[in-house]
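> Here's my sequence, what's the structure:
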Amino acid sequence: MCIMKTTLLTLAGLLFISSAPLIAQDVAPDVVGDNLFSPDLLRKHHEALSITEEQKTWFQQEFERSQQRVAELSEKLQREKSALGPLLKKERIDEAAVLAQSDKALELDREIKRAQLALLIRIKNKLTPEQQAKLTEIRAHGVVLQEKLRRAQEIAKRWQAEGKSLSQLEDLKRELEPLVREGKVKEAEAVLDKALKILEAK
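Here you go, the predicted model:
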């Protein structure tokens, strides 16, 4: 759950009828996702986290190393899956052979998930307690903002259908953008509340 920078920066898009997605990308319904931080979340909020140059270099190297490893494993996984085809096409299937081949694919899938989890663990361990707290705060506000953005989009669509102008929301757009860049989630939510007040008043 997070306030994605790209989504908040398109508040005007939502209010001015954009097709931009809401915040679902960073919603993680499991214990891993709720306690660790994805590379995508880190990239979107690096300004708000005051990432140091040393951290930036380290993260970039880790991302690239992990991506390369996962790409290699994924290629091998695809080959092992493809090898199942000829075995399953036979009129009489060799159960032992199929299960053995399936085990190879499952093991590679496990390695991919393990590599991904290891990266998330290293990311969290590299962040300071303050940076972790900031990301947790940003993510915690995501659900509330998602609902408000959804409401704003629905009302704005009605405004458009009725031929109403949305130009009065331009000032709020300009006010919102620097807050998003600086990771000031509470202040950004307050601006969105102002936009909703305007939209819902009519």
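> Can you give the domain ranges for the protein?
Using automatic domain parsing, the domain parsing of the chain gives 5-27+137-201, 51-126.
> what about Ala97, neighbour count?
Counted with other C-beta atoms under 10 Å, residues neighbouring Ala97 total 13. In short, each C-beta sits where N, CA and C put it, glycine included.
> and it, what helix or strand is that in?
Here Ala97 sits within helix 95-126, counting by DSSP states H and E.
> Report the separation between Ala190 and Ala48.
Per C-beta to C-beta, to the nearest Å, Ala190 is found 16 Å from Ala48.
> and the gap between Ser66 and Gln160?
The gap separating Ser66 from Gln160 is 43 Å, by C-beta to C-beta.
> try Arg122
Arg122 is 46 Å from Gln160, where distance means C-beta to C-beta.
> ok, now Val144?
To Gln160, Val144 is 25 Å away according to C-beta to C-beta.
> ok, now Glu64?
Distance, Glu64 to Gln160, by C-beta to C-beta: 44 Å.
> What of Leu84?
In terms of C-beta to C-beta, Leu84 sits 51 Å off from Gln160.
> Tell me what angle the longest helix seen in the chain forms with helix 95-126.
In the chain, with assignment by DSSP state H, the single longest helix is helix 53-89. Here helix 53-89 runs at an angle of 170 degrees relative to helix 95-126 (axes from the mean of the first three to the mean of the last three C-alpha atoms, to 10 degrees).
> Helix 53-89: which residues count as buried?
Under the neighbour-count criterion of 16 or more other C-beta atoms under 10 Å, helix 53-89 has 55, 59, 62, 66, 69-70, 73, 76-77, 80, 87 buried.
> Show me what that helix is packed up against.
Packing partners of helix 53-89 (3 or more C-beta pairs under 8 Å, 6 or more residues apart in numbering; DSSP states H and E): helix 39-44, helix 95-126.
> Including distance to Pro39, could the domains of the chain go into JSON lines?
Shown next, in JSON lines, are those (distance: least, C-beta to C-beta, whole Å):
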{"stretch": "domain 5-27+137-201", "distance to Pro39": "11"}
{"stretch": "domain 51-126", "distance to Pro39": "5"}
